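Participant: With the sequence up front, the predicted model follows.
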Amino acid sequence: MNAASNSDLELRGLAVSLGITRGPAYVLREEGMHFPAHSITPSQVDHEIERLDRAFEETIRQIEQLISKQAAGEKQLVDEIVDFHHMLAKDIPRYTGERTKKLIRENLMYAETAFHKTLQDLIGVLGRSVVSRDEDVADIGQQILRNLTGKDLADFEDIEEPVILIAEDLSPSLTARLPRDKVLAFATTRGSRTSHTAIMARALEIPAVVGLPSLVDQVKEGVHVIVDGDRGRVIVNPSERAVLWYDRRKEASEKRAEDQLRYRTLPGETTDGFILELKANIELPEEVEAILAYGGDGIGLYRTEFLFMNRSDLPTEEEQFTAYRAVVESMAPKPVTIRTLDIGGDKFLTSFSAPKEMNPFMGWRAIRFCLEQPEIFGAQLRAILRASHYGNLSIMFPMIAEVRELRLALVALENAKTELRERGIPFNEEVEIGAMIEVPSAALVMEGLAPLVDFFSIGTNDLVQYTMAADRGNERTAYLYDPLHPGVLKLIQNVVEVAHAAGKKVSVCGEMAAEIEFTLLLVGMRLDELSMSPIAIPAVKRLIRSISLLESVPIADDALSMTEPEMIRDYLNEKTRHVAPWTVELFDSEEIPA
Ligand code: PEP
Ligand code: MG
């Protein structure tokens, strides 16, 4: 943390989605609850008091329900805790009720804002007593708050003017629901560049900064905030000087982005005529427009799970077919690679209650889930196959860890084809099939995988986390999470070598593909295709058009002979600046002049 001037509080985090913007803070607290800071009108007072009383009653009722459900003979300890919570659910309203209502009446506060305040006061007092039970009070207080704010967290309906969303964390499904016209940017305590929340921010083209410790404590509701998604900064309560400086930077970066659009119609061709296909990753069908605007050569990764999220039922085969067909048709004749469902990890379905796992990223995820859910998998495969009739479509399987798994996925695909043939429904019999390489074991058994599919796509977001044993969404282990670790690079090198020997193309569709600091290396490592957020395509294309394959190969060889990520990073940065001096301004982060 650092003060840029007396009135500015500058917080430094990780830039995960480009753009600079400013506006009032809208703070989600306590796992997604919002406590409005603005006042209610006097005519709303009775309604707010009623809401408070209802939340108190609902909490007591929920605990009584729990008591009545408890099986006879359950452990004594559990009984005692539940009884104690029952007592608290009655006591907390006694201690806080009148004071909360006074705040509602006299200070015209919303019920949740007022109760949150009196609850904090109560916890503060209890924390000073000898036999402190403040944790239990916080626990039940939380339940009351949840009953007050509603269980379906933040629907953003109360946002009047566009805001900057501040939160501890956001789930990918909540991020997918962010209303673009109401949320200008977001900043969170947790997260990383490759968390699906960050990926969604880029898809929505909303600037975002994550990994900001103590953010929620330092940003008050309604305060003016600047989010600099280019450099990973959040300025709280900015001075006029800071506002001016950032407005100028915003203008310059928008101008730069606009200038780069001139590469839209040009291919990703090196100066010596080697062409890399530059495709887009999409999460939502609406992004097709952006791909065309930014000059993508097609879709290299369509993450279909977002079609399954934020809904109480599963999409039918028909519904999926309609969505996939629309994407394929609107991209035609450009190619579209549809990835089968990658659920689990940090993406969950409300319509399917999967068991809680200790390590969801290492658990029942993606192809592992699909192979055990033949109905869900079959319906998706049939829908994708049917869409293949309407454009240039290929299919790929996520999270393949071993040869057997890929064989089973191919059997499921064959079954889907047989069913369609029997139903007389047309599909492309020659549809190309790919496997994602995201698990180190797969990168090491390429000889077994290569004969089974037509292409490979390296998911570096996962490959890095599994190689380094460092959760991709955890800011604490972010120092280990590095695509430039020689262990990761050697795996990528093996994938390319074995795939090419078998005459198969290889793409990178993880976030590594989107960063210009890696472009020279990926070109030199002979990747055939890169797939990234649409917004990232112009800069990567511009860089590819500034370099030659001939100079990139020895640079990549040199990088691969190094043993430490930092050495590789410095070396690549220097080489990139040298071959493409215009990149300097993107690497260097300018500061507000003193
Ligand atoms: C990856 O892991 O790199 C990838 C592209 O898939 P996802 O980010 O959806 O896990
Ligand atoms: Mg992945």
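Facilitator: Cool, got the structure. Ligands and ions are numbered 1, 2, ... in the order given.
Participant: Now do the same for the residue nearest to Glu447 when sequence neighbours are not counted: helix, strand or coil?
Facilitator: In this structure, Glu447 finds its nearest non-sequential neighbour in Val498, 5.9 Å apart by Cβ to Cβ, 6 or more residues apart in numbering. In short, each C-beta sits where N, CA and C put it, glycine included. Here Val498 is recorded as helix under DSSP: H, G, I helix; E, B strand; the rest coil.
Participant: what about Val498, distance to Ile544?
Facilitator: 24 Å (Cβ to Cβ, to the nearest Å).
Participant: Show me which of the two is the more surrounded one.
Facilitator: Neighbours were counted for Val498 and for Ile544 using other Cβ atoms under 10 Å; Ile544 has more, 29 against 20.
Participant: For the residue nearest to that one when sequence neighbours are not counted, which residues are in contact?
Facilitator: Distances taken as Cβ to Cβ, 6+ apart put Gly268 closest to Ile544, at 4.7 Å, once the chain neighbours are dropped. Applying Cβ atoms under 8 Å, 6 or more residues apart in numbering to Gly268 gives the contacts 275-278, 297, 530, 540-541, 544-545.
Participant: and which of those residues is nearest Ile164?
Facilitator: Proximity of the contacts of Gly268 to Ile164 (Cβ to Cβ) peaks at Val540, which lies at 28.2 Å.
Participant: OK, contacts around that closest one?
Facilitator: 268, 278, 513-514, 516, 519, 530, 532.
Participant: again, only using 10 Å
Facilitator: By Cβ atoms under 10 Å, 6 or more residues apart in numbering, the residues touching Val540 are 260, 263, 268, 276, 278, 513-516, 518-519, 522-523, 530, 532.
Participant: So among those, where is pLDDT lowest?
Facilitator: The lowest pLDDT within the contacts of Val540 belongs to Gln260, with 84.
Participant: Around ligand 1, which positions in this protein sit nearby?
Facilitator: Listed as neighbours of ligand 1 in the chain under the rule Cβ under 6 Å from any ligand atom: 301, 303, 342, 438, 459-462, 509-510.
Participant: Those residues in helices, which ones?
Facilitator: Mapping the residues of the chain next to ligand 1 onto helices (DSSP state H) picks out 460-462.
Participant: Closest to Glu286 out of these?
Facilitator: Nearest to Glu286 among those, counting by Cβ to Cβ, is Asn461 at 22.2 Å.
Participant: Surely the closest one touches Met532?
Facilitator: No: applying Cβ atoms under 10 Å, one finds Asn461 not in contact with Met532, separated by 11.4 Å.
Participant: Could you give the number of residues near the closest residue to ligand 2 within the stretch 1-150 of the chain?
Facilitator: With Cβ to the ion as the measure, Val16 is the residue of the stretch 1-150 of the chain nearest to ligand 2, at 16.4 Å. Residues lying near Val16 (other Cβ under 10 Å) number 26.
Participant: State the distance from it to Ala536.
Facilitator: Taken as Cβ to Cβ, the span from Val16 to Ala536 is 12 Å.
Participant: Now the common contact residues for these two.
Facilitator: Shared contacts of Val16 and Ala536 (Cβ under 10 Å, 6+ apart): 202, 511.
Participant: number of nearby residues for the closest residue to ligand 2 within the stretch 101-250 of the chain?
Facilitator: Of all residues in the stretch 101-250 of the chain, the one sitting closest to ligand 2 is Thr194 (8.6 Å; Cβ to the ion). Burial measure for Thr194: 23 neighbouring residues, criterion other Cβ under 10 Å.
Participant: Just to check, the residue nearest to Glu447 is in contact with Leu491?
Facilitator: No: assessed by Cβ under 10 Å, Val498 is found out of contact with Leu491, at 11.0 Å.
Participant: Show me the common contact partners of these two, please.
Facilitator: By Cβ under 10 Å, 6+ apart, the residues touching both Val498 and Leu491 are 443-444, 446.
Participant: Please name the spatially closest residue to the residue of the stretch 101-250 of the chain closest to ligand 2 (chain neighbours excluded).
Facilitator: Excluding the flanking residues, the one nearest Thr194 by Cβ to Cβ, 6+ apart is Asn461, at 4.0 Å.
Participant: for Phe35, phi and psi?
Facilitator: Note on Phe35: its backbone torsions stand at phi -110, psi 100 [degrees, to the nearest 10].
Participant: Reduced to three states, what does the nearest residue in space to it that is not next to it in sequence come out as?
Facilitator: Residue nearest to Phe35 in three dimensions, not counting chain neighbours: Thr113, with 4.2 Å by Cβ to Cβ, 6+ apart. Secondary structure assignment for Thr113 (three-state DSSP): helix.
Participant: Can you report how many residues lie near Thr113?
Facilitator: 22.
Participant: same question, Ile63
Facilitator: Look at Ile63: counted by other Cβ under 10 Å, it has 20 neighbours.
Participant: ok, and the closest non-adjacent residue to it?
Facilitator: Distance criterion Cβ to Cβ, 6+ apart; nearest residue to Ile63, sequence neighbours excluded, is His86 at 4.8 Å.
Participant: Next up, the contacts around Pro581.
Facilitator: So Pro581 contacts Ser546 (Cβ under 10 Å, 6+ apart).
Participant: Offset the numbering so it begins at 33, please.
Facilitator: In the new count, where the first residue is 33, that last one comes out as Pro613.
Participant: Check what pLDDT it gets.
Facilitator: Reading off the model, Pro613 has pLDDT 89.
Participant: again, but for Val169
Facilitator: 84.
Participant: okay but it is in contact with Thr150, surely?
Facilitator: No: using Cβ under 10 Å as the test, Val169 is too far from Thr150 to be in contact (11.5 Å).
Participant: list residues touching both of these two?
Facilitator: Joint contacts of Val169 and Thr150 (Cβ under 10 Å, 6+ apart) are 124, 127-128.
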